[in-house]
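A.B. asks: how would this look folded up:
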Amino acid sequence: MGEQNWTVLVPVKRLDVAKSRLRGTLDDVPHQALALALAQDTVAAARACPQVAAVLVLTDDAEATEALSALGAQVHADPPGGGLNETFTLGGSLVTDGPVAALTADLPALRPLELAAALRAAADGPAGVRRFVTDTPGTGTVLLTAPEGVPLEPRFGEDSATAHAESGAVALAGPWPTLRRDVDVPADLAAAAVLGLGRHTAALARRLAPVRAVDH
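C.D. replies: Predicted structure coming up:
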């Protein structure tokens, strides 16, 4: 199915508390700047994906709101105090038609065509079934999809791949290395740099070797 009808949900924490395990990864780079760059490259790739009609960012951070709106994302306030699953559930409730995809905001190497391939695979699966894509280690989740009319029912958190499978979602088996490469710790950022970082993260990560910048 090649229809451009997906709404992609991207949650962005307040930048001063987001991605805490990356704090201090890049010398002389403010932590908030790195957290924002990861989200910017994720949103830019999703916006460039041929299957995606809209990207809905959920955040209560003013800087992220301004920067991600400039990339063409729609932004909705994320009430303080809610967890990731509550945020995704809120986002899903705001989508009135078409399938929905929950995407983590830490995919700086993401290629639009890999996301497109995963969304096509999700759309081509059994009717009414939620699908998900695991991270590179295979224990976490980077993408969760739900067909139109089916609740997203997110289970993000520790060992979310198992939690999503136990909730009835079906794992997608495509390779998609840039989609699976989320960034939680400094080694993840180095691995993403080998794949090729989006321009916002690449601009901050020149000290990593090798760094390959890609345009979406």
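A.B. asks: how close does the residue with the largest distance to the centre of the chain sit to residue 201?
C.D. replies: In the chain, residue 28 marks the outermost C-alpha relative to the chain mean, sitting 25.8 Å out by CA atoms, centre = their mean. Distance from residue 28 to residue 201, counting by CB to CB, to the nearest Å: 15 Å. Placement of C-beta: from N, CA and C, glycine included.
A.B. asks: Please compute how far stretch 57-67 lies from its chain's middle.
C.D. replies: Centre-to-centre, stretch 57-67 and its host chain are 15 Å apart (CA atoms, centre = their mean, to the nearest Å).
A.B. asks: in the longest helix seen in the chain, what's buried?
C.D. replies: In the chain, with assignment by DSSP state H, the single longest helix is helix 31-47. Applying a neighbour-count criterion of 16 or more other CB atoms under 10 Å, one finds 31-32, 34-47 buried in helix 31-47.
A.B. asks: what's the closest of the residues you listed to residue 196?
C.D. replies: residue 41 (10.4 Å; CB to CB).
A.B. asks: My guess is the closest one contacts residue 193. True?
C.D. replies: No - checked against CB atoms under 8 Å, the pair residue 41 and residue 193 is beyond contact range at 11.8 Å.
A.B. asks: Which neighbours do those two have in common?
C.D. replies: When contacts are counted by CB atoms under 8 Å, 6 or more residues apart in numbering, residue 41 and residue 193 have residue 109 as shared neighbours.
A.B. asks: if we can go back for a sec, does the residue farthest from the centre of the chain sit in a helix or strand, and which one?
C.D. replies: For residue 28, there is no host helix or strand (DSSP states H and E).
A.B. asks: Now do the phi/psi pair for it.
C.D. replies: Torsion angles at residue 28 (phi, psi; degrees, to the nearest 10) stand at phi 60, psi 10.
A.B. asks: what are the ranges of the strands in the protein?
C.D. replies: Secondary structure of the chain (DSSP state E): strands located at 6-11, 52-59, 74-77, 100-103, 131-134, 141-146, 170-171, 197-198, 213-214.
A.B. asks: on that earlier part again, show me the two of the buried residues of helix 31-47 that sit farthest apart.
C.D. replies: Farthest pair in the buried residues of helix 31-47, by CB to CB: 31 and 47, 24.7 Å.
A.B. asks: how about low-confidence regions in this structure?
C.D. replies: Applying pLDDT under 70 to the chain flags the ranges 1-2, 207-213, 216.
A.B. asks: That one: helices as residue ranges?
C.D. replies: 31-47, 62-70, 84-94, 112-123, 160-166, 177-180, 186-195, 199-204.
A.B. asks: now, of those helices, which is deepest in the fold?
C.D. replies: helix 31-47 (a mean of 25; mean count of other CB atoms under 10 Å).
A.B. asks: And the helices of the chain: which comes nearest residue 140?
C.D. replies: The nearest among the helices of the chain, by CB to CB, is helix 160-166 at 5.4 Å.
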